[in-house]
Each structure stands twice: as structure tokens, then as C-alpha cells.
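[1] Generate a structure from the sequence data that follows.
(2 chains)
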Amino acid sequence: MIDRVEAPEADRAPLSVLVVDDSRVMRAMIIRTLRLTGLPLGTVHEAGDGLAGLGILEREPVTLALVDINMPRLSGLDMLARLGRSATGPRVIVVSSDGSDARASQVLAMGHGFLHKPFAPEDLRDAVLRALDTRDDDR
Amino acid sequence: MMTDNSIALRVAATLAFEELGLLCVGSAIDTPSALETLPAVVSVAFDGAHTGCLTLRVSDDVFRALAENMLGLDGDDAEPWRWDALGEMANVICGNALPYILGTHACLTLAPPARGAPPASRSASHVELEVEAGRARILLELAELRRQ
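    Model (predicted):
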């Protein structure tokens, strides 16, 4: 089992998180790992594809979105293209097993974070902190 | 002797089983196990600059251990999660192995994992590994390079 990761981030406001992945196992693992990081989690939403993810983003205030790439109905990249990027929108980390440089470059060029599967809890924590720091920088 | 593709499959599978499945991977097996000893089978098809399919077969103990380690789930009601966990394992192995084999600039789209395996072809690369006390076999079939 994974040990809890040290994270001096408990003074942050609770994060409202959206996890978009067609694998319910991966959604469960991401949420489980987020809880292990010590980051303050508020509401956690789940979606099984990009369309469902966009639907949640229209209705709910979300601070952070973790998004897979290959999904039915609407891929993660198509979802993010429709979402756009704004200072008030959620910070996005694309979480994918795709190890190609081409894919990572594509995501980074869109202004989002990229986390490669498989990942350790501290990798996820660091990616989240980087994404949130980017948000702070935008303000 | 292992081919370059088999080495890539071994590296990707070891990474996935150890980091995602929290299972120790041992040696590569030269003599393939009988198929009936590897009853849980999923496959991941991919398309893009190349097309093909990766198939993952595991022994029953590995099949059960994955969901237990990844999600803390055990018991009869964990069966659907076991298939999802095995599918995610295949997805991660595929996503990590293909850049080694096809190059890091090839963009590919992976289909959702499906139970079962496509008919095997002679051109498949494969590797079989010790995973804890069980076994896992990974088989990769690649179609001809597409003309751009």
C-alpha cells in the first residue's frame, strides 16, 4: 500500500476537482492518490468522457481538472479545445499513458500540465502544485 | 534471445506492474506457459501512424492481485473491477511500450481495452514475465506502416 505523502499544503483552500477518464479504475486511483497527497480536497466530480466532463464544468465550480486523452464520444484534447484556457477556468493536468514526445508537446503547447501514467503519489502532488502555482501567477 | 520489441514490452510491463499494480516483476520466461494457465485476457487496439494491438494475458493470482493492490478491492463483488484494472494495465503497458518501438514522435490513438484477444499473427512480438508467483504474457501485433 502507498504511504501518505508529506505535503505542507493544508492551508490552501479546498480544491474542487474534476477527474475525467473512461476507466473507472483510473478515476478511483487518481482520487485515492489525491487523498494520499495531503492536499485539501473539497468536492470531487467524476466523468467518463469529455462530453460529460464539459457538462460538469458548465454546472460546477471546479479548481482543478485531471483529464485523460483517449476517451469515447469526446477525447480529452477535444474537450480542452472546446474549454479553452482562461485565468478563471480550472487548471488542467492531462494524465495519460501516452509516452510520446509529440503528445506531451501538444498538451504543453495548449498551456496545460502533463502527467505520465504510471505515476507515484508525489508525482501527482507535484503536478497539482505546479498547476495551482500557474493559476496564482495568472492573477 | 529477446528482440528489441520484446525488451521494450518487458520494460513497459515492468514499469506498469510495479508502479501501478504494486507487484514485483521477476525474470522473463523463455518457455511460454500454457494458455489455460493465463485465463484473464484483455487487448488494446491502436490506430494512427501505425495500427496494431497489444494483448495482455495473466494468471488468476495476478488478475486478483491487481484490483486488490490498485483499489483495495477483494471478494466476489470485485470481479468487474478486476477486469477494469487489467484493462488499465494493458492500456498503460501499450502507451509506454509504443514510443520505444515506433519512436517518440508518432501520435497514436488507443482504443478502450476489450476482453479477449484478436487472432494471433506470425509477426507478433511477445514477452512472458514472472509477476510475483504468477505470470503475465504481453503480445504486440503491428500492421504495416501506413503511407502518409
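[2] rest of the way, CA atoms for contacts and neighbours
    Noted.
[3] hmm, who's touching the helix or strand hosting residue B:11?
    In this structure, residue B:11 sits in helix B:4-15 according to DSSP states H and E. Helix B:4-15 is touched from outside by A:118, B:25, B:28, B:92-94, B:96-97, B:100-101, B:125-127, B:129, B:138, with contacts defined as Cα atoms under 8 Å, 6 or more residues apart in numbering or on different chains.
[4] in the chain, which helix has the most residues?
    In the absence of a named chain, chain A is used. helix A:121-138 (DSSP state H).
[5] actually it's chain B I care about, not the one you picked
    helix B:79-102.
[6] tell me how far the helix or strand following it is from the chain's mean position?
    Sequence-wise, the next helix or strand downstream of helix B:79-102 (DSSP H and E) is strand B:108-110. Here the centre of strand B:108-110 is set off from its chain's centre by 15 Å, with Cα atoms, centre = their mean, to the nearest Å.
[7] again with stretch B:40-47
    8 Å.
[8] Can you name the helix or strand that residue A:66 falls in?
    strand A:64-67.
[9] Partner strands of that strand and their direction?
    strand A:15-20 (parallel), strand A:91-96 (parallel) (DSSP bridges).
[10] Extract the CA atoms of it and return them as CSV.
    Extracted in CSV, the C-alpha atoms of strand A:64-67 (Å, rounded to 0.1, in the frame of the first residue of the first chain):
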residue,chain,number,x,y,z
LEU,A,64,-8.6,21.6,-11.0
ALA,A,65,-9.3,19.1,-13.8
LEU,A,66,-7.4,15.9,-14.4
VAL,A,67,-8.2,14.7,-17.9
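[11] tell me which parts of chain A are close to chain B?
    Residues of chain A that fall close to chain B, judged by Cα under 8 Å from any Cα of the partner chain: A:1, A:22-26, A:28-29, A:70-72, A:97-103, A:117-120.
[12] picking that back up, how about residues contacting the strand holding residue A:66?
    Here strand A:64-67 has contacts from A:15-21, A:76, A:90-95, A:132, using Cα under 8 Å, 6+ apart.
[13] Just checking, which helix or strand succeeds it along the chain?
    Immediately after strand A:64-67, counting by DSSP H and E, sits helix A:76-83.
[14] Report the mean per-residue pLDDT for that following helix.
    Helix A:76-83 comes out with an average pLDDT of 91.
[15] contact partners of that helix?
    A:20, A:49, A:50, A:51, A:53, A:54, A:67, A:68, A:69, A:70, A:94, A:107.
[16] I am finished for the moment; much appreciated.
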